[in-house]
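Asks: structure, please.
(one chain, ligands or ions: 2)
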Amino acid sequence: MRFLRVSFLYSALLAATFLSTAREFTVQDEGGFVSVGDSDDLLFNVQSAETGRYSTSTLLGGESLHLNHISSTNDFVTVSSARFPNHNVRIKKTDFCDPTVNVYTGYLDVDAGAKHMFFYFFESRRNPAEDDVMMWINGGPGCSSAMGLLMELGPCSIDMENQSPNGTIYNPYSWNEVANIFFLDQPVGVGFSYADFGETVETTEEAAKNVHAFISIFFEVFKQFKGRPLHLSGESYGGRYLPIFASEIHDENAIAVKEGRPTINLQSVIIGNGITDISTLYAGRFEIECGVSALEKPFQSIKACVRMKMALPRCQQMMQDNCIDSFDSIDCQATVNFCDNELSTNMWASGRNVYDISKPCVGDLCYLENTAIMDYMNLNTTRKLLGAETPGEFSSCSSAVSAGFAAHMDKWRSPTQDYVAQLLERGIRVLIYAGTYDWQCNWVANKLWLEKLEWSGKQDYNLAQLSDWTVDGIKAGEVKHAGLLSFATIRGAGHMMSLRDFDDIEQEPDGIRSFVFRSLMINRKRHSLCWRTGWPISHCDLMGDVPDQILRQENMEHRGITIGPSSQPLLNLFPTQAWACPVIVLP
Ligand SMILES: *[C@@H]1O[C@H](CO)[C@@H](O)[C@H](O)[C@H]1NC(C)=O
Ligand SMILES: *[C@@H]1O[C@H](CO)[C@@H](O)[C@H](O)[C@H]1NC(C)=O
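Replies: Ligands and ions are numbered 1, 2, ... in the order given. Just a heads-up that it's a prediction; the model follows:
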């Protein structure tokens, strides 16, 4: 799988590029790794697959490597920094996914080169030289960010209908419409990230170190992004990951300041359908199944709901005693088993998609896209395109990684919400959003924990009212803000969702400079795209000028909803079936 097939011609070209474009570059041809005198120096190593030799270039202190200097789609350029002697970045250009911008893929080799973290980087479609930088990660634990990339917010979507010669379809609503974004497969063992000697990462705190290293080196090496606002986004288990990753970055920044090193301009944390505070999870699930928080009527049987209601207080109490007040792994595990048994079994038995209760559970992880993504990623052509050197097959979600985290009870062990509170107190903005049709990490659980959250803005937050946010006059969800904390629901959307279209941002109410929520439901562009590709409406989660007749059929077929006079309000949901847009406003 290795294809570091560099000829010396290439390195010569590389050297020539540096020399011709910038007088500040000093290039030393060949000679293996050079020693670095100044701690600001960067090394470039271009390895020849034919000869195995490296040619090395050095950027002298303070000079920057611009991504534009990386022009090969075949070979990785290796960049190392004396500040992170145990880490290298290997990066190459690629024609993957978005032909309208520069796209790069590569590995960050961390921990003395034994762990390799794979990333995809897309320049912003708007103004890469000015736009913010974003990171997206999927949850699991163990799921590849390729899922979010190819199913939700990335520059292209997996082609489900064999329409595209290249396996993907351009997504005009990708987040890189306005941001430079990288998708990171983390921890090792996820997606194309791997370890040489079977090392694993099994806790979020441990994962945070590698993520911090990755981000530091990214900003260190590509100085064009130096000081640029950074936003950490993700979903699901990201509700646990991101607050801890952000805290690691914040705390490391403090150390960097002391040591006179550059800091990372972390601005916000954005979590979609996350799991953060475990104490409200089951109460929320009960509401989704047996209340009217998601659908107009509960869908679970009365018998099941009554039994669940009886079990809920006991589950909550046990959780408080065994997992929260003091953590005991055996008792906490027994609690989780009890809660799952009593409160989750009926949902799994219902055949509904646990990530979108309005849909049936079809396919791997309830989405046919997951298998399609896996097949696509495992094509030799795709691997070559990406430069994937990972020994094993790609899987959307790694059961080994998830088992590792489960063995440490990572989800239950530490109060992640306290990290959120600490971040808020230190000026980091937090957006928690959730689609209302998700059961797994549902919106009610998120609403409840935000109300409990102990921070200086607690009172303001709880006094603030949820208000509707609309698109073209149609309710798209609810939203509220207090200080730096925002909470939004997206009506009728599931766990996986797209957040799209950043054009024509509406005027925001005063004081809410950070996030603007908008849907694009009645978006003819998007709609026509869907319709032309022949995707069912439920796939596109959208409608517009689709003939009413077809719409109704699609709705019935894909959502298992009977159309009748009383279901009119439900139909009205569909136009808002979609997306919130956290638009990042530069300070
Ligand atoms: C893949 O093909 C589709 C359909 O022809 C096209 O729109 C898209 O830009 C292509 N993607 C890449 C990365 O070339
Ligand atoms: C893909 O590449 C591997 C390794 O080079 C090779 O063994 C395999 O036969 C290839 N598969 C296809 C379908 O070409």
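Asks: please list the residues of the chain that sit near ligand 1.
Replies: Contact residues, the chain versus ligand 1 (Cβ under 6 Å from any ligand atom): D95, C97, P99, S164, P165, N166, T168, I169, Y170. Where C-beta positions appear, they are placed from N, C-alpha and C, glycine not excepted.
Asks: of those residues, buried ones?
Replies: Buried members of the residues of the chain next to ligand 1, scored by 16 or more other Cβ atoms under 10 Å, are C97, N166, T168, I169.
Asks: residue in the chain with the shortest distance to ligand 1?
Replies: Closest residue of the chain to ligand 1, Cβ to the nearest ligand atom: N166 (3.7 Å).
Asks: so where's the stretch 301-450 of the chain shaky on pLDDT?
Replies: Along the stretch 301-450 of the chain, segments meeting pLDDT under 70 are nowhere present.
Asks: just the helices in it please.
Replies: Under the criterion DSSP state H, counting those that start in this stretch, the stretch 301-450 of the chain carries helices at the ranges 302-319, 329-343, 345-349, 368-377, 380-386, 399-407, 410-413, 416-425, 443-452.
Asks: what secondary structure does the residue of the chain closest to ligand 1 sit in?
Replies: At N166, secondary structure determined by DSSP: H, G, I helix; E, B strand; the rest coil is coil.
Asks: tell me the pLDDT of it.
Replies: The per-residue pLDDT reported for N166 equals 94.
Asks: G564 too?
Replies: pLDDT, G564: 26.
Asks: just checking, E478 touches T489?
Replies: Yes. If you go by Cβ atoms under 8 Å, E478 and T489 touch, sitting 4.9 Å apart.
Asks: give the residues shared as contacts by those two.
Replies: Residues within reach of E478 and of T489 at once, by Cβ atoms under 8 Å, 6 or more residues apart in numbering, are L466.
Asks: those two - which one has more neighbours?
Replies: Remark: of E478 and T489, T489 carries more neighbours, 26 against 19, as counted by other Cβ atoms under 10 Å.
Asks: distance check, the more buried one against D98.
Replies: To D98, T489 is 30 Å away according to Cβ to Cβ, to the nearest Å.
Asks: just R83 next, same as before
Replies: Distance of R83 to D98, computed by Cβ to Cβ: 31 Å.
Asks: those two: who's more crowded?
Replies: Neighbour count, other Cβ under 10 Å: between R83 and D98, D98 has more, with 21 against 18.
Asks: can you pull the contacts of that one?
Replies: Contacts for D98 (Cβ under 8 Å, 6+ apart) come out as F122, R125, P155, C156, Y170, S174, N176.
Asks: so can I have a markdown table of those residues showing secondary structure?
Replies: Formatted as a markdown table, the contacts of D98 follow (three-state DSSP):
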| residue | secondary structure |
| --- | --- |
| F122 | strand |
| R125 | coil |
| P155 | coil |
| C156 | strand |
| Y170 | strand |
| S174 | coil |
| N176 | helix |
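Asks: closest one of these to S216?
Replies: Nearest to S216, judged by Cβ to Cβ, of the contacts of D98 is F122 at 20.3 Å.
Asks: quick check, the closest one in contact with N171.
Replies: No. Under the criterion of Cβ under 8 Å, F122 lies out of contact with N171, with a separation of 10.8 Å.
Asks: identify the contacts common to these two.
Replies: G154, P155.
Asks: compare those two (neighbour count), which wins?
Replies: With neighbours defined as other Cβ under 10 Å, F122 and N171 compare such that F122 has more, 28 against 23.
Asks: for that one, list each beta-bridge partner.
Replies: On the basis of DSSP bridges, F122 is bridged to V103, I181.
Asks: which parts of stretch 104-113 are buried?
Replies: Within stretch 104-113, the residues scored as buried using 16+ other Cβ under 10 Å are Y104, T105, G106, Y107, L108, D109, V110, D111.
Asks: what bridges to the fifth one?
Replies: Okay, so that is L108. Beta-bridge partners, per DSSP bridges, of L108: V89, M117.
Asks: grab the nearest non-local neighbour of F96.
Replies: L385 (5.0 Å; Cβ to Cβ, 6 or more residues apart in numbering).
Asks: and what of Y376?
Replies: Counting by Cβ to Cβ, 6+ apart, the nearest residue to Y376 once its immediate chain neighbours are dropped is G167, at 4.9 Å.
Asks: that neighbour: neighbouring residues, count only.
Replies: Residues contacting G167 under the criterion other Cβ under 10 Å number 22.
Asks: pretty sure it sits against N378.
Replies: No. If you go by Cβ under 8 Å, G167 and N378 don't touch, sitting 11.4 Å apart.
Asks: if we can go back for a sec, ok, now which ones touch the residue nearest to Y376?
Replies: Applying Cβ under 8 Å, 6+ apart, the residues contacting G167 are I158, D159, Y376, L379, T382.
Asks: who wins for neighbours among those?
Replies: Of the contacts of G167, I158 is surrounded by the most neighbours, 24 neighbours in total, counting by other Cβ under 10 Å.
Asks: my guess is that residue meets A372, correct?
Replies: Yes. The pair I158 / A372 is scored as a contact, 5.0 Å apart, by Cβ under 8 Å.
Asks: strands of the stretch 51-200 of the chain, start to end?
Replies: Secondary structure of the stretch 51-200 of the chain, counting by DSSP state E, counting those that start in this stretch: strands at 54-59, 77-81, 88-93, 103-110, 115-122, 133-137, 156-158, 168-170, 180-184, 194-195.
Asks: right, so of those, which gets closest to Q267?
Replies: Between these, strand 133-137 lies closest to Q267; by Cβ to Cβ that is 9.6 Å.
Asks: contacting residues around that closest one?
Replies: Outside strand 133-137, the residues touching it (Cβ under 8 Å, 6+ apart) are 145, 148-149, 153-154, 175, 179-184, 186, 215, 225, 228-234, 238, 241-242, 584.
Asks: what lines up beside it in the sheet?
Replies: By DSSP bridges, strand 133-137 pairs with strand 180-184 (parallel), strand 230-236 (parallel).
Asks: distance of the nearest residue to T100 once chain neighbours are set aside relative to S395?
Replies: Nearest non-adjacent residue to T100, counting by Cβ to Cβ, 6+ apart: R125, 5.9 Å away. According to Cβ to Cβ, R125 and S395 sit 30 Å apart.
Asks: repeat that for S268.
Replies: Note on S268: its distance to S395, by Cβ to Cβ, is 31 Å.
Asks: and if you look at S279?
Replies: As judged by Cβ to Cβ, S279 and S395 stand 32 Å apart.
Asks: now swap in D410 and tell me
Replies: The spacing between D410 and S395, counted by Cβ to Cβ, is 20 Å.
Asks: now S145
Replies: 13 Å.
Asks: and what of T105?
Replies: With Cβ to Cβ as the criterion, T105 and S395 are 18 Å apart.
Asks: how about the nearest residue to L343, chain neighbours excluded?
Replies: Closest residue to L343 apart from its sequence neighbours, by Cβ to Cβ, 6+ apart: Y282 at 4.8 Å.
Asks: model confidence for the one you found, exactly?
Replies: Note on Y282: pLDDT of 96.
Asks: quick check: phi and psi on D75?
Replies: Dihedral angles phi and psi of D75 (degrees, to the nearest 10) take the values phi -120, psi 150.
Asks: you'd agree it is up against K92?
Replies: Yes. If you go by Cβ under 8 Å, D75 and K92 touch, sitting 6.2 Å apart.
Asks: list the buried residues of stretch 125-145.
Replies: For stretch 125-145, the neighbour count (16+ other Cβ under 10 Å) marks 125, 128, 131-145 as buried.
Asks: what about that stretch, average pLDDT?
Replies: 92.
Asks: okay, it in PDB with CA atoms only?
Replies: Once non-C-alpha atoms are left out, stretch 125-145 reads as follows in PDB (Å, rounded to 0.1, in the frame of the first residue of the first chain):
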ATOM      1  CA  ARG A 125     -14.700  27.600  -0.600                       C
ATOM      2  CA  ARG A 126     -15.100  31.200   0.400                       C
ATOM      3  CA  ASN A 127     -11.800  32.700   1.400                       C
ATOM      4  CA  PRO A 128      -9.200  30.200   2.700                       C
ATOM      5  CA  ALA A 129      -6.800  32.900   3.500                       C
ATOM      6  CA  GLU A 130      -9.200  34.600   6.000                       C
ATOM      7  CA  ASP A 131     -11.800  32.000   7.000                       C
ATOM      8  CA  ASP A 132     -11.700  30.200  10.400                       C
ATOM      9  CA  VAL A 133     -10.400  26.700  10.900                       C
ATOM     10  CA  MET A 134     -12.700  23.900  12.000                       C
ATOM     11  CA  MET A 135     -12.200  20.400  13.100                       C
ATOM     12  CA  TRP A 136     -14.900  17.800  12.800                       C
ATOM     13  CA  ILE A 137     -14.900  14.400  14.500                       C
ATOM     14  CA  ASN A 138     -17.500  11.700  14.700                       C
ATOM     15  CA  GLY A 139     -18.200   9.800  17.800                       C
ATOM     16  CA  GLY A 140     -18.700   6.100  18.500                       C
ATOM     17  CA  PRO A 141     -16.300   5.900  20.200                       C
ATOM     18  CA  GLY A 142     -14.600   4.300  17.200                       C
ATOM     19  CA  CYS A 143     -16.400   5.900  14.300                       C
ATOM     20  CA  SER A 144     -14.600   7.500  11.400                       C
ATOM     21  CA  SER A 145     -15.000  11.100  10.600                       C
END
